[in-house]
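Peer 1: Quick one, fold the following:
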Amino acid sequence: MKIAIIGAGVVGVASAYSLAQRGHEVHVYDRRSGVASDTSSSTAGLIAPGHSYAWASPSAPLMLVRSMAGAQTSIRVVPRVDIPLLRWGTRFLRECTPSRSRSNTLSKLALAKYSQQLMEQIAVREELQYWKTDGGVLYLYRDEKELGKAVGNSRLLADHGRVQEVLSSSEIPLVDPALASSRAEFAGAIHDRSDGTGDPHRFSLGLAASCERLGVTFHLGEAVDRVETDGASVDSLVVGARRVRADGYVLAAGASSPLLARNSGFRLPVYPAKGYTLTARVKNAERAPTVGGIDERTLVAWSRFGDKVRMSATAEFVGYDRSQSPKDFKGIIAAGNELFPDALDWDTAEYRTGLRPMTPDGPPLIGRGRLDNLYFNTGHGHVGWTMACGSAQMLCDIVDGLDPDLDPSPYSPIQSRRH
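Peer 2: Residues are numbered from 1 along each chain as shown. Sure, this is the predicted structure:
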């Protein structure tokens, strides 16, 4: 089949690779001039099935209330009239029960584990270099009570095959010696040895080159303006002054997906969560992290990319606003100085924002919608980079009429609970 993919982020590129491997003629369209140059270049870089917890949890409503009251929380909502956000938020709150949170977490975990295995296989097969690390990821807690909750939560993952070790404060530097110099005081940590880190942009560039060797054509700098339908199927894509026709179409445009889906008569429950990232050069190697991690109090996450460190934090629900100012990164820099004093050269820092496509429940949307030839692979907000390769393989199986290795129903775009 001839298949047109909208979106050349890590999910779109992985989808193109899987489909091309099966012999499909694949064309990828993206408004950006480079592969994975938007949100895929603005993530912390964690490959972390061990952090697959659904954001919609029993504790989330209080955090949202505190945020709207002006508190500095890791998930921020500014009160305003925003109908899509109100619609999304209502669904989010419905998912905050213990049973729904557990189910959504396990769906994310299953896909993330499956995807991590596929990513490693692809990287070996295609000889991809993307600053991959294998030292696990540290989840650091400054409060005994919060550590206790985390240990309790980790039992859910352990019951489903995830091995996580609880560390005392004195054991943390044994995993990453850089934290011996930290000014922060930790009650302890959870170390998931199977997690890791890597640069999704570099991974995507390498995989895109493999795609081109398989015959994939990338149409970069060519924005899809509209999806034309006849009510039963997609007829064409409007790209500038021309129409593009294919046998099948894949919407993998991240946070822009609901905007394009709207005119096809499909309301996607995806809303952008704006995140902030910076990347700074290492100036003191002994004090710079070698293992990825998250400070669970500030929710600042980090990864080491060679002679640079990527740090990320915050999720703001402010629509499609991509603006930034120096004050937006003060919290990340403060955490960096506390965690890794004198390790990074902030004068070299590159600052970015990215719009992470969030579903209310957490799992992404993968599969065919109500139109015969329109497929979705989007909504990979949290741990999206981790889930990319598995999502692509599942999509490919669905396109080919095969049974995916995982039950696809938790990710179906046409479930009633997602509308």
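
Peer 1: Going by length in residues, pull out the top strand of this protein.
Peer 2: Ranked by residue count under DSSP state E, the longest strand found in the chain is strand 344-358.

Peer 1: helices or strands up against that one?
Peer 2: strand 271-282, strand 308-317, helix 330-339 (3 or more Cβ pairs under 8 Å, 6 or more residues apart in numbering; DSSP states H and E). Bear in mind the C-beta positions are built from the backbone N, C-alpha and C, glycine included.

Peer 1: if you set the cut-off to 7 Å instead, what comes out?
Peer 2: Here strand 344-358 touches strand 271-282, going by 3 or more Cβ pairs under 7 Å, 6 or more residues apart in numbering; DSSP states H and E.

Peer 1: before we move on, the earlier item: specify the angle between the longest strand of the chain and strand 271-282 in degrees.
Peer 2: Angle of strand 344-358 versus strand 271-282, following axes from the mean of the first three to the mean of the last three Cα atoms, to 10 degrees, is 160 degrees.

Peer 1: what comes up buried for strand 344-358?
Peer 2: 344, 349, 351-358 (16 or more other Cβ atoms under 10 Å).

Peer 1: what distance separates the very next helix or strand once past that strand from the centre of its chain?
Peer 2: Per DSSP states H and E, the first helix or strand lying C-terminal to strand 344-358 is strand 365-368. With Cα atoms, centre = their mean, to the nearest Å as the basis, strand 365-368 stands 16 Å off its chain's centre.

Peer 1: quick one: strands adjacent to strand 365-368?
Peer 2: Sheet pairing for strand 365-368, assigned by DSSP bridges, gives strand 374-378 (antiparallel).

Peer 1: Can you point out the buried residues in the first helix or strand past the partner strand going along the chain?
Peer 2: Once the chain leaves strand 374-378, the next helix or strand it forms, by DSSP H and E, is helix 384-399. Neighbour-count burial for helix 384-399 flags 384-399 (criterion: 16+ other Cβ under 10 Å).

Peer 1: and if you look at stretch 209-223?
Peer 2: 210-211, 216, 218-219, 222.

Peer 1: Kindly state the domain boundaries assigned to this protein.
Peer 2: 2-41+202-267+362-418, 61-96, 137-193+271-358 (automatic domain parsing).

Peer 1: For the shortest one, the averaged confidence score.
Peer 2: Yep, that's domain 61-96 we're talking about. Confidence over domain 61-96 (mean pLDDT, whole number) is 81.

Peer 1: do the same with the first one
Peer 2: Predicted confidence along domain 2-41+202-267+362-418 averages 95 (mean pLDDT).

Peer 1: Just give me how far that domain sits from the chain centre.
Peer 2: 15 Å.

Peer 1: Touching, Ala48 and Thr386? I think so.
Peer 2: Yes: assessed by Cβ atoms under 7 Å, Ala48 is found in contact with Thr386 at 5.7 Å.
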